[in-house]
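*Asks:* have a look at this fold, sequence not included:
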């Protein structure tokens, strides 16, 4: 009559492929971003900004997938106010992901949506001027450093969003539980 479910923490090596390779790849890239951010070579900030922005794009996709679940489990907290998308999330640009985020109405998302909009604008300008003669290397480095500071704000806000979801939504509370203490089959009673 009692079912106990435990989820144990595990290392990368304990996972099966293809997840093990995916985790290792992500760790390598995230370690490279940190190395580039901390490098004394100021031009490394350019690569750090572009790579980290790509990482943020991936995390936005994760969030959008979570929001799709939330609108069905917590309609009092979040509402979907737009048209369904016609493309897969992985096919969208950062601007397209911002458009998708903007289709969700929730207090806990407002600041994040604004930060993503600004990142999209910054990254477009950055990428368009990177190889032109319009801006010199010093200007590009300054913009990369500004972009990295903005990315920090986005990552912090993303952390707060996930914390909110974990603590304030039914979905988050169910997902975060490590142990289901007791399960009783009502049909047996």
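*Replies:* Noted; the coordinates are in hand. Since the structure is predicted, the reported quantities are computational estimates derived from the model, not experimental observations.
*Asks:* can you pull the pLDDT of residue 4?
*Replies:* Residue 4 carries a pLDDT value of 48.
*Asks:* cool, and residue 25?
*Replies:* On pLDDT, residue 25 comes in at 86.
*Asks:* near it, how many other residues are there?
*Replies:* Other residues near residue 25 number 11, with proximity taken as other CB atoms under 10 Å. Just so you know, the C-beta spots here come from the backbone N, C-alpha and C atoms, and that holds for glycine as well.
*Asks:* could you point out which element follows the host helix or strand of it?
*Replies:* Assigned by DSSP states H and E, residue 25 falls within helix 19-38. Per DSSP H and E, the first helix or strand lying C-terminal to helix 19-38 is helix 44-73.
*Asks:* just to revisit the earlier point, just the buried residues of the helix holding residue 25, please?
*Replies:* Neighbour counts using 16 or more other CB atoms under 10 Å place 33, 36-37 of helix 19-38 among the buried residues.
*Asks:* can you check what angle separates that helix from helix 44-73?
*Replies:* Here helix 19-38 runs at an angle of 130 degrees relative to helix 44-73 (axes from the mean of the first three to the mean of the last three CA atoms, to 10 degrees).
*Asks:* packing partners for helix 19-38?
*Replies:* helix 44-73 (3 or more CB pairs under 8 Å, 6 or more residues apart in numbering; DSSP states H and E).
*Asks:* tell me the SS of residue 16?
*Replies:* State at residue 16, reduced to three classes by DSSP: H, G, I helix; E, B strand; the rest coil: coil.
*Asks:* count of residues packed around it?
*Replies:* 7.
*Asks:* read off the pLDDT value for the residue most central in space within the chain.
*Replies:* The residue lying closest to the centre of the chain (CA atoms, centre = their mean) is residue 59, at 1.9 Å. Per-residue pLDDT puts residue 59 at 96.
*Asks:* swap in residue 171?
*Replies:* 84.
*Asks:* which SS class is it?
*Replies:* Secondary structure for residue 171, judged by three-state DSSP, is helix.
*Asks:* any idea how far it lies from residue 72?
*Replies:* Distance of residue 171 to residue 72, given as CB to CB, to the nearest Å: 9 Å.
*Asks:* comparing the two, which residue is more hemmed in?
*Replies:* Neighbours were counted for residue 171 and for residue 72 using other CB under 10 Å; residue 171 has more, 19 against 10.
*Asks:* and the more buried one, what does it touch?
*Replies:* Each residue near residue 171 by CB atoms under 8 Å, 6 or more residues apart in numbering is listed here: 66, 69-70, 73-74, 165.
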